[in-house]
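Enquirer: Next one to model:
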Amino acid sequence: MAEDAYSEGGLSFHPMDQFIVKPLFGDAGDPVGMLTITNATLWLALAVLCVAGLFVIGTRGRAIVPSRTQSVAELAYGFVYKMVEDVTGKDGVKYFPYIFTVFLFILFANFLALIPMSFSTTSHIATTAVLGFGVFFAVTILGFVKNGPSFLSLFWVSSAPLAIRPVLAIIEVISYFVRPVSHSIRLAGNLTAGHAVLKVFAGFGQVTAVAPFAVLGVVAIYGLEVLVAVIQAYVFTILTCVYLKDALHPHH
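Expert: Predicted coordinates for the structure are as follows:
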């Protein structure tokens, strides 16, 4: 009865419904299997197409005086390249293509999620966990390939007093294995919170008394989410660079 009364009052919205994965074809209630094409599949594919489109179209002419698209592509390239070089050193530049691809994918996925009626793929832990654990396994394998058993020196703080080194080693090991979890949850959590707040403010727009304030709130939160979309892509990328640096140079 309480729910019916609430709905009849004209203010009924569900902020978390926007994150439900639904089949793209067929009924919304159909089960989602491993091979089902869903709304998440569509927007993940669009993010990939946007990345490819930016660099295929943007660099097609390769003009001395760049077009707007070429300028955006070159700025993104230079920005991430400088980040990789500054954090990891010259040794890490060879892994720039992977890091750059991850950055662009997250950035476009975040931006596409801000389109009305779109779907936020990076708010799902299934997406961010693949990215986070992908980085974790890649840098761990690379660390052992490049350094052999000496990669384990990453967990041995040789600058600390000998008596507390075993304790610090345990802490370092735990923090290392927490990396992919925090790496993925940070991105998904920030995107989920932002889109949920947007939905709440949009829902209050149904109430005449507070509609003007709700609209202002939506505009303000939307502007903040544009900033968050860039910042979260940057944070994920720079942490990837830090982890790569540890794999290349594990010695404290």
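Enquirer: all helices of the chain, in order?
Expert: Along the chain, counting by DSSP state H, helices occupy 2-8, 39-58, 68-88, 96-112, 125-147, 165-204, 211-248.
Enquirer: List the buried residues in the third one.
Expert: Taking 16 or more other C-beta atoms under 10 Å as the neighbour-count basis, helix 68-88 is seen to contain the buried residues 69-70, 73, 76-77, 80, 83-84, 87-88. In short, each C-beta sits where N, CA and C put it, glycine included.
Enquirer: mean pLDDT lowest for which of the helices of the chain?
Expert: Among these, helix 2-8 carries the lowest mean pLDDT, at a mean of 42.
Enquirer: quick one on the thing from earlier: how about CSV for the buried residues of helix 68-88, with distance to Phe213 added?
Expert: Converted to CSV, the buried residues of helix 68-88 look like this (distance: C-beta to C-beta, whole Å):
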residue, distance to Phe213
Thr69, 38
Gln70, 42
Ala73, 40
Ala76, 37
Tyr77, 42
Val80, 39
Met83, 39
Val84, 44
Val87, 43
Thr88, 47
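Enquirer: between these, which is nearest Val181?
Expert: Closest approach between the buried residues of helix 68-88 and Val181, by C-beta to C-beta: Val87, at 21.5 Å.
Enquirer: OK, contacts around that closest one?
Expert: By C-beta atoms under 8 Å, 6 or more residues apart in numbering, the contact set of Val87 is 238, 241-242, 244-245.
Enquirer: Are any of these buried, and if so which?
Expert: 238, 241, 244-245.
Enquirer: just those now: which is nearest Leu152?
Expert: Closest to Leu152, out of all of these and judged by C-beta to C-beta, is Lys245, at 16.5 Å.
Enquirer: and that closest one, how far is that from Thr101?
Expert: 19 Å (C-beta to C-beta, to the nearest Å).
Enquirer: and if you look at Asp86?
Expert: In terms of C-beta to C-beta, Asp86 sits 19 Å off from Thr101.
Enquirer: Same check on Leu248?
Expert: Taking C-beta to C-beta, one finds Leu248 at 19 Å from Thr101.
Enquirer: what about those two, which has more around it?
Expert: Each of Leu248 and Thr101 has its neighbours counted (other C-beta atoms under 10 Å); Leu248 has more, 18 against 13.
Enquirer: Can you tell me, leaving aside adjacent residues, what's nearest to that one?
Expert: Computed as C-beta to C-beta, 6 or more residues apart in numbering, the closest residue to Leu248 that is not its neighbour in sequence is Asp91, at 5.0 Å.
Enquirer: unless I'm mixing things up, the one you found is touching Cys241, no?
Expert: No - using C-beta atoms under 8 Å, Asp91 makes no contact with Cys241, being 11.8 Å away.
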